[in-house]
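Colleague: please find the sequence and the predicted model below.
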Amino acid sequence: MKILGFLFALLFLFCVGFTWRDIQGGRLPKSQAFEKLVGLDTSTKMSPEQEFKQAYNRIATMYYKPVKQLDLKYAGISGMMASLGDPHTMFLIPRVAKQFNQDTKANYVGVGARLSPFTQGGKVIGARAVVVFDDGPGFAAGLKRGDVITRVDGKSVAGLPIEDVVDRIMGEEGTIVRLTVLHEGIGAPTVIPIRRAHVITPTVESQYFPDSKVGYIYIASFSAPTAEQFDKELEKVEQNPMKGLVIDVRGNPGGYLETAVELLSRFTADKVVVSMKMKDGSTNREYTRSGAVHNFGYPVVVLINGDSASAAEIFSGALRDYKMATLVGTHSYGKASVQEVYDFKDGSSGKITIARYFLPSGDNIGRKVDEDGTYVSGGLQPDVEVELADVPPSDLSNANRDSDLPDPKFDSQLRKAIEVVLSKSAR
């Protein structure tokens, strides 16, 4: 009994030793240290979501400087997406998401112009209208290509990023924006009041080369109105004698897969456009629709380069696989994945890769790069490879400045594309 009493006394003193500091501090004793010592770890394992939330809360409440919780949220989401190592899975803050949405839909409220920074003496003094849409409210009000916008509603835009200038010009449909502009060749500034209107951005442009009797159609992106605009531009060039057609998707970053499918439906019906391998191992296929085939009746060449990506590659690759076009230029980008956009309530969004795609031939054109990010392989390889030759400045000074479309005199790839068309037309 004496031994048993001694053991109880020892255990009592042992427990008091673990709890005495807490009792002295007026706190309830903590049992975690004792439990760990005797092998009774009763802590509950948290889920990744709980641990993330705990870290978020601790930073928000304990960091020594004020922290914007919205910035923490955006950084957290961005970090999660960046950790996947996929350059096409990304988080878009509200402003970027809005611009991406407008670019993809080619649809917004504004004055109908494309702007670029205008510098003088090394400083940005305004925004130059590089393109003014013929059917836009700006053109109707007198805004011209080459005009430099220096003020918006009386406020200077000097030094502002072009995105901020665009934000100031855009607004509610039917409202007036007053642009102070400098016309080319006229020194005095002019104030042009423009009523903002719904604008559909031209994504397709065309021209006809009478010397070679070859039509040319440039597709800037595969946006919502692209197929309809393609039909209109095709009708324009086909009003002339046609020996062939060049379709230019150089610099085209892609866009809607549905638009690529719709355009390919002009060439062939009920054919596989692309096969998408999903996460669960299943395969989804997209097919061209029937009833939309156009009788081209002449050879078609598609111009590609390293900036032709996504839907532009699907369009070009499918045409080649079905032997309906010859590819000319340099290798394309090699974006062999499909993204889906998820919108969040605050206007931000996330682009998440949901599948890998394969062309009708089964080819995987996925881009491969080295440790420095330099291109190694992938993309569409052209049937006729030709680099874009440098043009001397003296020759460029004689180029046609009334159009942003390329001129075969100064564009070696376009010149080769026309040669290929004519060689096939003569057969």
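Modeller: Perfect, I can see it now.
Colleague: neighbours of the nearest residue to Gly146 once chain neighbours are set aside, how many?
Modeller: Spatial nearest neighbour of Gly146, excluding adjacent residues (C-beta to C-beta, 6 or more residues apart in numbering): Glu184 at 4.4 Å. Backbone N, C-alpha and C define where each C-beta goes, glycine included. When neighbours are counted by other C-beta atoms under 10 Å, Glu184 registers 10.
Colleague: do the same with the one 4 residues further on
Modeller: If you count neighbours by other C-beta under 10 Å, Ala188 ends up with 6.
Colleague: can you tell me how far it is from Val165?
Modeller: 21 Å (C-beta to C-beta, to the nearest Å).
Colleague: what's the answer for Val214, then?
Modeller: Counting by C-beta to C-beta - Val214 and Val165 are separated by 38 Å.
Colleague: ok, and what's touching stretch 74-85?
Modeller: Contacts of stretch 74-85 with the rest of the structure, by C-beta atoms under 8 Å, 6 or more residues apart in numbering, involve 52, 56, 89-91, 93, 348, 350, 352.
Colleague: could you dump the residues you listed into JSON lines with secondary structure added?
Modeller: Formatted as JSON lines, these follow (DSSP: H, G, I helix; E, B strand; the rest coil):
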{"residue": "Phe52", "secondary structure": "helix"}
{"residue": "Tyr56", "secondary structure": "helix"}
{"residue": "Thr89", "secondary structure": "coil"}
{"residue": "Met90", "secondary structure": "strand"}
{"residue": "Phe91", "secondary structure": "strand"}
{"residue": "Ile93", "secondary structure": "coil"}
{"residue": "Ser348", "secondary structure": "coil"}
{"residue": "Gly350", "secondary structure": "strand"}
{"residue": "Ile352", "secondary structure": "strand"}
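Colleague: got a quick ChimeraX command for the buried subset of these?
Modeller: The ChimeraX command for the buried members of the contacts of stretch 74-85 (criterion: 16 or more other C-beta atoms under 10 Å) is given here:
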select :89,90,91,93,348,350,352
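Colleague: list just the nearest of the contacts of stretch 74-85 to Leu303.
Modeller: Nearest to Leu303 among the contacts of stretch 74-85: Met90, at 28.3 Å, using C-beta to C-beta.
Colleague: the closest one and Ser349 touch, don't they?
Modeller: No - when contacts are counted by C-beta atoms under 8 Å, Met90 is not listed as touching Ser349 (9.5 Å).
Colleague: circling back: of Val214 and Val165, who's got more company?
Modeller: Val214 (28 against 18).
Colleague: show me the contacts for the more buried one.
Modeller: 208, 242-246, 418, 421-422.
Colleague: same deal with Arg367?
Modeller: Arg367 neighbours (C-beta under 8 Å, 6+ apart): 333-336, 375, 377-379.
Colleague: any of those residues buried? List them.
Modeller: Of the contacts of Arg367, these count as buried by 16+ other C-beta under 10 Å: 333-336, 378-379.
Colleague: would JSON lines of those with secondary structure, pLDDT and distance to Val302 be doable?
Modeller: Shown next, in JSON lines, are the buried ones among the contacts of Arg367 (DSSP: H, G, I helix; E, B strand; the rest coil; pLDDT from 0 to 100; distance: C-beta to C-beta, whole Å):
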{"residue": "Tyr333", "secondary structure": "coil", "pLDDT": "96", "distance to Val302": "15"}
{"residue": "Gly334", "secondary structure": "coil", "pLDDT": "95", "distance to Val302": "16"}
{"residue": "Lys335", "secondary structure": "coil", "pLDDT": "94", "distance to Val302": "17"}
{"residue": "Ala336", "secondary structure": "coil", "pLDDT": "92", "distance to Val302": "18"}
{"residue": "Gly378", "secondary structure": "coil", "pLDDT": "92", "distance to Val302": "18"}
{"residue": "Gly379", "secondary structure": "coil", "pLDDT": "95", "distance to Val302": "14"}
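Colleague: just the closest of these to Asp147, please.
Modeller: Looking across these and measuring by C-beta to C-beta, the closest to Asp147 is Tyr333, at 33.8 Å.
Colleague: thought the closest one was touching Ala311?
Modeller: No - the pair Tyr333 / Ala311 is not scored as a contact, 11.5 Å apart, by C-beta under 8 Å.
Colleague: can you show me the strands along the stretch 301-427 of the chain?
Modeller: Assigned by DSSP state E, counting those that start in this stretch, the strands in the stretch 301-427 of the chain fall at 326-329, 337-343, 349-358, 368-369, 375-377, 384-385.
Colleague: which residues touch the first one?
Modeller: By that I understand strand 326-329. 250, 299-305, 308, 316, 320, 380-386, 388, 413, 416-417, 420, 424.
Colleague: give me the buried subset of the residues you listed.
Modeller: 250, 299-305, 308, 316, 320, 380, 382, 386, 413, 416-417, 420.
Colleague: packed most tightly, which of the strands of the stretch 301-427 of the chain would that be?
Modeller: For the strands of the stretch 301-427 of the chain, the stretch with the most neighbours on average is strand 326-329, a mean of 25; neighbours defined as mean count of other C-beta atoms under 10 Å.
Colleague: turn the contacts of Val214 into JSON lines, columns for neighbour count.
Modeller: Output for the contacts of Val214, formatted as JSON lines (neighbours: other C-beta atoms under 10 Å):
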{"residue": "Tyr208", "neighbour count": "16"}
{"residue": "Met242", "neighbour count": "18"}
{"residue": "Lys243", "neighbour count": "18"}
{"residue": "Gly244", "neighbour count": "24"}
{"residue": "Leu245", "neighbour count": "22"}
{"residue": "Val246", "neighbour count": "28"}
{"residue": "Ile418", "neighbour count": "23"}
{"residue": "Val421", "neighbour count": "27"}
{"residue": "Leu422", "neighbour count": "16"}
